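Peer 1: I need the structure of the sequence given here:
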Amino acid sequence: MRVLAIDASLRNTGVAIVEGNSNKPFALYYGTISNPAALRSSSCLVAIRDRLVDLIREHTPDCCALESVIYVQSHKTAILLGAARGAAILAAAENGLPVFEYPPKRIKQATVGRGGADKNQVAFMVRALLGLTETPQSDAADALAIALTHVRAQEVAKLGVPGAAQI
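Peer 2: Next up is the predicted model:
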């Protein structure tokens, strides 16, 4: 299985492509889609969608996994996160990928072992679990953690345990 995982954000969207099963997954690609502060929000959404489409065509993933909507205190932040998430979902759906989502606590628990882990702990564990030579930046590390969560969830789902919510 090859998973496109996305940690959506308007300015810094984390992206990862992970292949394998829960015994030996490995990262094919990880990085961040960075949009400058001077770029209009609408242009950021186009940039996110276009880069994701390029990655989908280059790596031909089987599915897409995202972090589910999180609670934020600012309505403006929630709207911008939702828009970035929408651009990511659109890119995946346009290319026929099934899209799955996971709550942030589940991602942290699957990666670190506890739902309250901080970003540094997630990045450290992602590096260790995937055998990376460097610790990824936080947005890319979050995307890698989402991918690992999906790979494991699909393995467990084969045993009859409920997996992710498909959207």
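
Peer 1: which one is Ala27 nearest to, not counting chain neighbours?
Peer 2: The spatially closest residue to Ala27, leaving aside those adjacent along the chain, is Leu130, at 5.0 Å (Cβ to Cβ, 6 or more residues apart in numbering). Backbone N, C-alpha and C define where each C-beta goes, glycine included.

Peer 1: what does stretch 137-145 contact?
Peer 2: Applying Cβ atoms under 8 Å, 6 or more residues apart in numbering, the external contacts of stretch 137-145 come out as 5-7, 9, 12-16, 18, 27, 30-32, 67, 107-108, 110-111, 119, 122-123, 125-127, 130, 135-136.

Peer 1: whichever of these end up buried, select them in ChimeraX.
Peer 2: Selection of buried members from the contacts of stretch 137-145 for ChimeraX, criterion 16 or more other Cβ atoms under 10 Å:
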select :5,6,7,9,12,13,14,15,16,18,27,30,31,32,67,107,108,110,111,122,123,125,126,127,130,136
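
Peer 1: in strands only, show me the contacts of stretch 137-145.
Peer 2: Judged by DSSP state E, those include 5-7, 12-16, 18, 27, 30-32, 67 as members of strands.

Peer 1: just the mean pLDDT for the helix or strand harbouring His150, thanks.
Peer 2: Per DSSP states H and E: His150 is located in helix 138-157. Averaging pLDDT along helix 138-157 yields 92.

Peer 1: so who does the residue nearest to Arg11 when sequence neighbours are not counted touch?
Peer 2: Leaving out its chain neighbours, the residue that sits closest to Arg11 by Cβ to Cβ, 6+ apart is Asn35, at 5.2 Å. Asn35 makes contact with 10-12, 43-44, 47-48, according to Cβ under 8 Å, 6+ apart.
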